[in-house]
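K.L.:
Quick one, structure for this:
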Amino acid sequence: MTVIEALVAALGEGVVAFDAESRERQSRDLSTVPAARPLAVLRPRTTAEVATALGICHAHGQGVVPQGGRTGVSGGAVPRPADIVLCLDRLSGIEAIDTAAATMTVLAGTPLETVQGAARDAGFLCPLDLGARGTCAIGGNIATNAGGNRVVRYGMTRQMVLGLEVVLADGTVLDMLNTMIKNNAGPDLKQLFIGSEGSLGVITRAVLKLEPLPVSSATAFCGLAGLDAAIAFLGRARSGLSGLLSSFEIMWPGYYDLIIGTPAGSGATGVRPPLEGRHGMYILIEAQGGEPAADADRFERFLEACLEDGLIEDAAIAQSGEAARAFWGVRDAVIEFNALLGQRVEFDLGLPIGRIGTCTRAIEASLRQSWPDARIIWYGHLGDGNIHLQVAVPSVRPHPDHAIDEIVYDHLREHGGTITAEHGLGTLKAPWLAHCRTPAEITLMHGLKRTLDPMGILNPGKVLVDGAT
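P.N.:
Next up, the predicted model:
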C-alpha cells in the first residue's frame, strides 16, 4: 500500500487531497523560493488526525511540510514535489479563555487577528502583532518564534507561550498544555519546538499568556540627525517613558524617500509625509498605558524635552487613531517592495544595538564597491536590534543573490550578529547558520533532530542542512 493509499484509508478523501488545484494552492509561501506542487495536501480536523497522518508518513519515510498561513519569507513552508503538505487551517478556534489566570487556549491554525480579537473582547491584549496578522496562523507564529512590532516591550512569541500540544514525527502526542507561569518540574520541553519551524514536531494547540489591555495609546513620528541620535533617543525613551514604551521603529532616509516618493508625497505608495523637510533618520515611537490623560501628558512632555535638548529635530504627534494609522502606514508600506524594487534580496538581521552603525556602514560600503548602482534600503525595529535590509541590483542579471548574501553575512559574523532575528531559517538562510552558531551548537541541533525525527520526515531540507557555511 502506498503512502497516499494508506492516508486515504485512514483519514478519508475529505482530509487527503491530491487534485491539481489543492496542490497548486499549497505550493508556495511569500518567499522567493520557487513554488513546487506537493505530492498531496492533508487538512486534518483534529489532533488525532494529525497524529494518524504523521504516524503513517513516518512508517513510509514520507517527507511532510507543515503549513500555517504561509506568510513566511524564508521559504520554510515551501514543499518539494515529493513532499506532502500538512495544512493546519482546519485546526482553528479559541478553546478557552481563563480571565483569572489571563490565559487563552487556542488551536494552531487560528489566524493571529482572531486571537487578538478574542483577547480584546475578553478585556486583554495578545501582545504579538505583525503586518500579516490577518493571514498568519498562531501555530506558525510559535513555530517561527515571530517577533513583530512590540518586542521592545513584550518580547518574542516565546515569551507569551505557557504551554503546547505537539505531535512528534512518529505520531506521538505530547500534551504540554501548561497553564501556569511557574512550573519548574523538569526541563521546559515546549521550548524545543518554539522556533524550530516544524522540523522537530507539529504544534496543534497552545496556551498563551495574555497581557492587560492598554486603554491609552500615543504615537509620534520623529526626525533625527542620524543613527547615533536614534540610539540615544531609544535610551531616553526607555527611562523617560518607563514601562509605557511599546514600539520603536527606525527608518533610514533611503527607506523614507522610497516610500514617500518625493517631498510632496507623490510616490507610488500614496503615503503622505508625516514631517516637513528631510532628516538623517526617522523614528516611529508608540507608548501604551492605563491612564489616558496622564499618559498623553507624559508622552508630550517627554517629546518636548527631547526637542529642547536637540536630541530630536522634529516630531509629529498623532491626534487621532486615524493619524496614528497613517504614521504606521509609512512603516507598513514594506508590502509595496515588490512593485518598488522588483527582484531583490531581503535580510532580517539581528545585531547588538551598539554595533548597528559600524556593521550597517560596512555592509553598505562593500555592496557599493561591488555594485555602485545597488538600491540599499534599511529599516527595522531598533528597540530590539532587529534591522531589515533590502538589496536590489537592477543592472545585473541573473541577480547576484549569493554574492550579496556572502557580503552581508560575512560582515554580520564579524560584528557578532545573527542571520535571522525573527523570520527563521527556512530554506534561504539555513546554509548560513554557521555564521552565527558555533559548531557545538549545530551538532547538538542535529542530535535533537535525529532523536525527535529519526526518519527526517519533518520539513526536510529546512532549518538544518549539511555543509552550512
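
K.L.:
C-alpha only now, for contacts and for neighbours.
P.N.:
OK.

K.L.:
In this structure, which residue is most central in space?
P.N.:
With distances taken as C-alpha atoms, centre = their mean, the chain has A146 as the residue nearest its mean C-alpha position (3.8 Å).

K.L.:
Wait, that residue touches M156, no?
P.N.:
Yes - under the criterion of C-alpha atoms under 8 Å, A146 is in contact with M156, at a separation of 6.3 Å.

K.L.:
still on that earlier bit, check what pLDDT the residue nearest to the centre of the chain gets.
P.N.:
Here the pLDDT value assigned to A146 is 94.

K.L.:
next one: phi and psi at it?
P.N.:
The phi and psi torsions at A146 (degrees, to the nearest 10) take the values phi -60, psi 150.

K.L.:
how about it, what does it touch?
P.N.:
When contacts are counted by C-alpha atoms under 8 Å, 6 or more residues apart in numbering, A146 touches 156-157, 195, 422-423.

K.L.:
want to throw those residues into TSV with secondary structure, neighbour count and distance to W252?
P.N.:
Compiled in TSV, these are given as follows (DSSP: H, G, I helix; E, B strand; the rest coil; neighbours: other C-alpha atoms under 10 Å; distance: C-alpha to C-alpha, whole Å):
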residue	secondary structure	neighbour count	distance to W252
M156	coil	23	24
T157	helix	24	26
G195	coil	23	29
E422	coil	20	20
H423	coil	24	21
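
K.L.:
Nearest to D175 among those residues?
P.N.:
Of all the contacts of A146, G195 has the smallest distance to D175: 18.2 Å, by C-alpha to C-alpha.

K.L.:
Surely the closest one touches G147?
P.N.:
No - using C-alpha under 8 Å, G195 and G147 do not qualify as a contacting pair, with a distance of 10.8 Å.

K.L.:
what's the overlap in contacts for these two?
P.N.:
Residues touching both G195 and G147 (C-alpha under 8 Å, 6+ apart): there are none.

K.L.:
Following element in sequence after the top helix by length along the chain, please.
P.N.:
Once the chain is assigned using DSSP state H, the helix that runs over the most residues is helix 292-308. Sequence order places strand 314-317 as the next helix or strand after helix 292-308, per DSSP states H and E.

K.L.:
Could you list the residues in contact with that following strand?
P.N.:
Strand 314-317 is contacted from outside by 218-224, 274-275, 303, 307, using C-alpha under 8 Å, 6+ apart.

K.L.:
Pairing partners for it, with directions?
P.N.:
strand 216-224 (antiparallel) (DSSP bridges).

K.L.:
what angle separates the next helix-or-strand element following the partner strand from helix 292-308?
P.N.:
Secondary structure here is assigned by DSSP H and E; on that basis, the next helix or strand after strand 216-224 toward the C-terminus is helix 227-240. An angle of 150 degrees separates the directions of helix 227-240 and helix 292-308 when computed by axes from the mean of the first three to the mean of the last three C-alpha atoms, to 10 degrees.

K.L.:
Tell me the gap between helix 227-240 and the middle of its chain.
P.N.:
Relative to the chain's own centre, helix 227-240 is displaced by 24 Å; criterion: C-alpha atoms, centre = their mean, to the nearest Å.

K.L.:
Give me the neighbour count for D188.
P.N.:
12 (other C-alpha atoms under 10 Å).

K.L.:
now swap in A102 and tell me
P.N.:
As a burial measure, A102 scores 18 neighbours (other C-alpha under 10 Å).
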